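Student: Sequence and predicted structure below; questions after.
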Amino acid sequence: MTVTYYQLNKSSTSIPAVAGSSQYIDGFYGVNGTLEYLIGEIDLTVAGMARTTDLSSLVRAMKITINGDIIHDWISGSAPEAGSAIAGRYGYFVNSIGGRSLTVPSATGHTKAVAYIAIPIGYVLNTPTPRFEITTEFYDANLVLGAGATISSGSVTWWARFNSATQRSTRVISGTSYQFAGADIDEQVVVRVPQTTLQGATVLGCLIQNDSEANEYSPNGIRQLALSQFSMPISLHKWASNELDNGVVYDNPVASSTSQTYHSGRAGVLFVPLYALEAKDLTWIIGSSAATVRFFHPVLTAPLNATQESRPTQTQQAIGNVNKTVIQMTESGTGI
């Protein structure tokens, strides 16, 4: 069983801009193996920086296609507020599904900003020339780096982490949007989960985003018909996922220049674990305190038959299983 890292692509042009939002399409070839994570390394050199939160806040959309197969299709429900000091939406999401999004801690006025976003994939690459197409959209970098910041140079590097002990594949399904009337009216939402060629696919969980940096739920909270016959308060959903136990981690340079910041929630987004639910459409009963649009992103996982690679022997397995990772987060003891 082996864990190895391979640099797939590096671009000095596909970086956030300070003159508005930007979109880039990076296409490149890879190598064969069992792909556990795609790791995006964002490395920026900035003048006049007054960064207030982690770099994942800048990700507006992320679409990953491998050999023509759409693996990951995510969009942000709302731009970060200027000077925001709360966790990035994309980082929150990646960390909730068994990935790892971390910005390197630094002072708010430091000239370097570096982040690593490890996206769980779970894909056996076994074609002569595996092909990657990655579409990334960024918000205006000044929303996070400071109104007077300028980016003098930077790069986005894509790394592959290969792990022959990977047990599950992960698919992020295109979001379903729904317009809520507000006034605390309970409404039924059906979130589509498409039929897939993945054998044994189940629903890991679902991300719910509001179109602003506020929750705007009614006092009744959320009812997920597969979880409960009763509506559950938002705080109970956060307890169930163990988010309440400071489960949101991100870099806030205003609070600390040397360590990550932990919080018991993140306004405007909520990840609801669904405990490997059968892969069918998801029905929700949700009331909103204001007229708003919410976005729902289901996440599927399926068993993966990993390939054995001929490399020097490693004596400890690094089991790659997002189902176990997410369930362990929900069942962790307090303070762990």
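Tutor: Arrived safely.

Student: Thought Gly268 was touching Ile208, still the case?
Tutor: No - contact criterion CB atoms under 8 Å: Ile208 and Gly268 do not qualify, at 9.5 Å. Quick note: C-beta positions are derived from backbone N, CA and C, even for glycine.

Student: and the two? which has more neighbours close in?
Tutor: Using other CB atoms under 10 Å, the more surrounded residue of Ile208 and Gly268 is Ile208, with 26 against 22.

Student: beta partners of that one?
Tutor: Beta bridges link Ile208 to Leu270, Phe296 when assigned by DSSP bridges.

Student: Tell me who's in contact with it.
Tutor: Ile222, Val269, Leu270, Phe271, Val272, Arg294, Phe295, Phe296 (CB atoms under 8 Å, 6 or more residues apart in numbering).

Student: if you set the cut-off to 10 Å instead, what comes out?
Tutor: Residues near Ile208 by CB atoms under 10 Å, 6 or more residues apart in numbering: 77, 175, 178, 189, 191, 215, 217, 222, 224, 234, 237, 268-272, 284, 286, 294-297.

Student: same deal with Val46?
Tutor: Neighbours of Val46 in contact, by CB under 10 Å, 6+ apart: 16, 18, 109-113, 141, 145-146, 149-154.

Student: Test of understanding: give the bridge partners of it.
Tutor: Beta-bridge partners of Val46, as defined by DSSP bridges: Ile151.

Student: residue ranges with poor pLDDT in this protein?
Tutor: 1, 306-320, 322, 324, 327, 329-336 (pLDDT under 70).

Student: In terms of residue numbering, what are the domains of the chain?
Tutor: 3-163, 168-307 (automatic domain parsing).

Student: Determine which stretch of the ones you listed is the most buried.
Tutor: Mean neighbours per residue, mean count of other CB atoms under 10 Å, is largest over those for domain 3-163, with a mean of 19.

Student: Endpoint to endpoint, that domain covers what distance?
Tutor: 5 Å (CA to CA, to the nearest Å).

Student: Check the offset of stretch 124-137 from the chain's centre.
Tutor: Average the C-alpha atoms of stretch 124-137, do the same for its chain, and the two points are 19 Å apart (CA atoms, centre = their mean, to the nearest Å).

Student: can you check stretch 108-128 too?
Tutor: 11 Å.

Student: May I have that stretch as CSV, with CA atoms only?
Tutor: Output of stretch 108-128 as CSV, limited to C-alpha atoms (Å, rounded to 0.1, in the frame of the first residue of the first chain):
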residue,chain,number,x,y,z
THR,A,108,-2.9,40.2,8.0
GLY,A,109,-0.3,42.4,6.3
HIS,A,110,2.1,39.7,5.2
THR,A,111,3.2,39.7,1.6
LYS,A,112,2.5,35.9,1.0
ALA,A,113,-0.8,34.1,1.1
VAL,A,114,-0.7,30.3,0.6
ALA,A,115,-3.5,27.8,0.8
TYR,A,116,-3.9,24.0,0.2
ILE,A,117,-7.3,22.6,-0.8
ALA,A,118,-7.4,18.8,-0.9
ILE,A,119,-10.5,17.7,-2.7
PRO,A,120,-11.6,14.1,-2.2
ILE,A,121,-11.9,12.3,-5.5
GLY,A,122,-11.4,8.5,-5.4
TYR,A,123,-10.8,7.6,-9.0
VAL,A,124,-8.8,4.8,-10.6
LEU,A,125,-6.8,6.3,-13.5
ASN,A,126,-5.9,3.4,-15.9
THR,A,127,-6.0,4.9,-19.4
PRO,A,128,-2.9,5.6,-21.5
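
Student: Make 24 the first number, not 1, from now on.
Tutor: From this message on, residue numbering opens at 24, which makes the last subject stretch 131-151.

Student: So Tyr28 sits against Ile62, correct?
Tutor: Yes - with contact defined as CB atoms under 10 Å, Tyr28 counts as touching Ile62 (7.9 Å).

Student: can you give me the helices in this structure?
Tutor: 112-119, 165-168, 257-263, 345-354 (DSSP state H).

Student: Using TSV, lay out those helices together with distance to Ile208.
Tutor: Formatted as TSV, these follow (distance: least, CB to CB, whole Å):
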stretch	distance to Ile208
helix 112-119	26
helix 165-168	33
helix 257-263	17
helix 345-354	30
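
Student: Among those helices, which comes closest to Gly223?
Tutor: Minimum separation from Gly223 across the helices of the chain (CB to CB) falls at helix 345-354, 11.2 Å.

Student: Skip the chain neighbours and tell me the closest residue to the most centrally placed residue in the chain.
Tutor: For the chain, the residue nearest the mean C-alpha position is Val117 (2.5 Å; CA atoms, centre = their mean). In this structure, Val117 finds its nearest non-sequential neighbour in Ser124, 4.3 Å apart by CB to CB, 6 or more residues apart in numbering.

Student: Go ahead and confirm the one you found touches Met85.
Tutor: No - if you go by CB under 10 Å, Ser124 and Met85 don't touch, sitting 11.1 Å apart.
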